[in-house]
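Undergrad: Quick check, what structure comes out for this input:
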Amino acid sequence: MLNTRIVLCLLAFGVSSVMAQQPPVIVPEFHSSETGGNIDVFKNVPPDLKLIPKEAGSRRGQLWIRNIGSALLIAGQVDGQTPDFPQNKSQLLAKDHIEVWLATAPDVFMPPIGWGNQFEEQLLPKGPDSCLDWMKERNPDTADLQKCRSWAAQQQQYRTAFKKLFMRQWLLTSDYAVESYATPAYELIAAKYDAKGLFTAPLKPKGKIQMWSASASAHGYSFQIQIPYSAFPPANTPDLQNLWLMVDVFNAAPEGKKMGPYSSSSPVRAFGKPETFNQLQLQPRRSFRIAPCNVGLDGTDKYGNRHPGWFVPQHDQVKPGSEYESDSFIIVNEAEGYAYEPEGLSPVVRVTHHFWHAVGKDEWVCGPELVYQKGQSARRYDRQVAEKGFDAKRLQDGILLIKSGPLVYYSEFGSGQCGACPRYGFDMFALDKSLNLTDALSLGGVVQGDNDAADFTLSQDWSQVVHYQEQRPESENEDAKSTWSAGTYCLKSTKYEKCGEKQNVQPPDPPLLKELRDYSAQM
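TA: Numbering: from 1, shown residues only. As a prediction, the model looks like this:
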């Protein structure tokens, strides 16, 4: 009768409508030092979910879900016969075990299939069927049309695996914990599409899941499962409140069968479909901070366009003792300078690494998008800063100087003016008491031709910056040596002004920008 009702509901309203009628499971905070299979502490309150038998012989049971601060806790009581747990990992599917599915979002938005070059992005919104429209604009030959279609079809296959990296499925017993959904997808991508992990490494499943179980005196068993937040799939908000969870309990397989009958916490369970899972609502929500400034998850692509972001909770894994997350990412199509034909992967993960510097008590500056934060108040500025050399100094008049660099970097597109040549930059910003930002100093350039190596020195009080520049000899005489000039810039209120110039000086030794010296020596 129950299965008949479910089928009728599915036919009338669809799976999503059925699940929408189910109120979310409220997950409260719970703090206990006890771990193990004993769940007596939960039995004095009604269960949050019940296990629904899906086949004859399936177990019945009940579940309690709690937020314990560092992890999501699932406690359960399972009826039936004494469990036959696996003796080795190869028996996992055929023996009694529990499967837990988890997603932080019901779906993953991806851009249309496409790629980009230094000028623009090319999109194939209908996949291979869009190639003909793209070709009409270019008027190439038939072979190129086939190349486009083959590439787009390959991206469709890749995307199926890519999307799986945003969900987890663990096969669990007291002795084993195997992630069996995202991990195979990641291994497939590494084998066929992204061997070096350049575009998908942040999505590699990680974290250790623990299950404890205890056999009941009469029959069945109880269990506790802890899923650390650091093992969660990617999340698209730093304030985790809504989760999609499904728990399946499998019996040992009868003779001649690969798997036994099972029960599920979801009345409309569908494999790999988060919209059919049970929706949880953490109260209070579990909040993570992306850097100490109010930076959020949004990031920019190579064209400077802003996209909504994701992050993988680390929870004290990267910087022990730190309460801040340092990495987020966006999902975009890959873009290379001279990619005028279909190439690369669609989409890829583009990581933003966040960094920060303490200025005073509850006072910070953060990058790469420059943000100033004091207490709960934050101010964003339309400036990008580099982690290398990122620093800040408060002057006696109250001006806050913010330093970015000096550093060596390269064109993201690898194109344009000497696309493969090194570039260097050094920037100083001045923030006054009214939080008005001034570009105090900006120096840099491309090292090529007559623009040779460069270097910098900075006085201890930051009042003077010396910019050293190399001039290679025009003579082809091998004994001729380079000469160096030095331009000095002095701080005047909120601006650095040039206050001196010298020729034939000695550059800093050891060099601050050694990469430029090495590059110049090879020219």
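
Undergrad: C-alpha from now on. contacts and neighbour counts both.
TA: OK.

Undergrad: my guess is Gly414 contacts Ala420, does it?
TA: Yes. Using CA atoms under 8 Å, Gly414 is in contact with Ala420, at 5.6 Å.

Undergrad: tell me, how many neighbours does the residue lying closest to Tyr340 once chain neighbours are set aside end up with?
TA: Distance criterion CA to CA, 6 or more residues apart in numbering; nearest residue to Tyr340, sequence neighbours excluded, is Asn117 at 6.2 Å. Asn117 is flanked by 20 other residues according to other CA atoms under 10 Å.

Undergrad: list the contacts for Asn117?
TA: Ala335, Glu336, Gly337, Tyr338, Ala339, Tyr340, Phe413 (CA atoms under 8 Å, 6 or more residues apart in numbering).

Undergrad: any idea how far Pro510 is from the last one?
TA: Distance from Phe413 to Pro510, counting by CA to CA, to the nearest Å: 31 Å.

Undergrad: One more: the fifth one?
TA: Taking CA to CA as the criterion, Ala339 is separated from Pro510 by 39 Å.

Undergrad: same thing with the second one?
TA: When CA to CA is applied, the distance between Glu336 and Pro510 equals 35 Å.

Undergrad: neighbour count winner among these two?
TA: Glu336 (19 against 7).

Undergrad: Tell me if I'm right that the more buried one and Gly116 touch.
TA: Yes. If you go by CA under 8 Å, Glu336 and Gly116 touch, sitting 6.2 Å apart.

Undergrad: Next, the residues that contact the longest strand seen in the chain from outside, please.
TA: Assignment by DSSP state E gives strand 239-250 as the longest strand of the chain. Identification of contacts with strand 239-250 by CA under 8 Å, 6+ apart yields 51, 58-59, 95-106, 259-266, 274-275, 277-288.

Undergrad: what's the domain layout of the chain?
TA: 2-108+167-184+199-287, 113-163, 295-356+383-522 (automatic domain parsing).

Undergrad: okay if I get those as JSON lines plus distance to Ala190?
TA: Converted to JSON lines, the domains of the chain look like this (distance: least, CA to CA, whole Å):
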{"stretch": "domain 2-108+167-184+199-287", "distance to Ala190": "9"}
{"stretch": "domain 113-163", "distance to Ala190": "11"}
{"stretch": "domain 295-356+383-522", "distance to Ala190": "12"}
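
Undergrad: Quick one: those domains as a markdown table, columns for mean pLDDT and distance to Gln376 too.
TA: Output for the domains of the chain, formatted as a markdown table (pLDDT from 0 to 100; distance: least, CA to CA, whole Å):
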| stretch | mean pLDDT | distance to Gln376 |
| --- | --- | --- |
| domain 2-108+167-184+199-287 | 89 | 15 |
| domain 113-163 | 91 | 36 |
| domain 295-356+383-522 | 90 | 12 |
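
Undergrad: Give the buried residues for the helix ranked longest in the chain.
TA: Longest helix of the chain, by residue count under DSSP state H: helix 142-164. Of all the residues in helix 142-164, those buried under the rule 16 or more other CA atoms under 10 Å are 145, 147-149, 151-155, 158-159, 161-162, 164.

Undergrad: for stretch 298-305, same thing?
TA: Asp298, Gly299, Thr300, Asp301, Lys302.

Undergrad: wait, the first one sits on Gly304?
TA: No. With contact taken as CA under 8 Å, Asp298 and Gly304 are classed as non-touching, separated by 11.7 Å.
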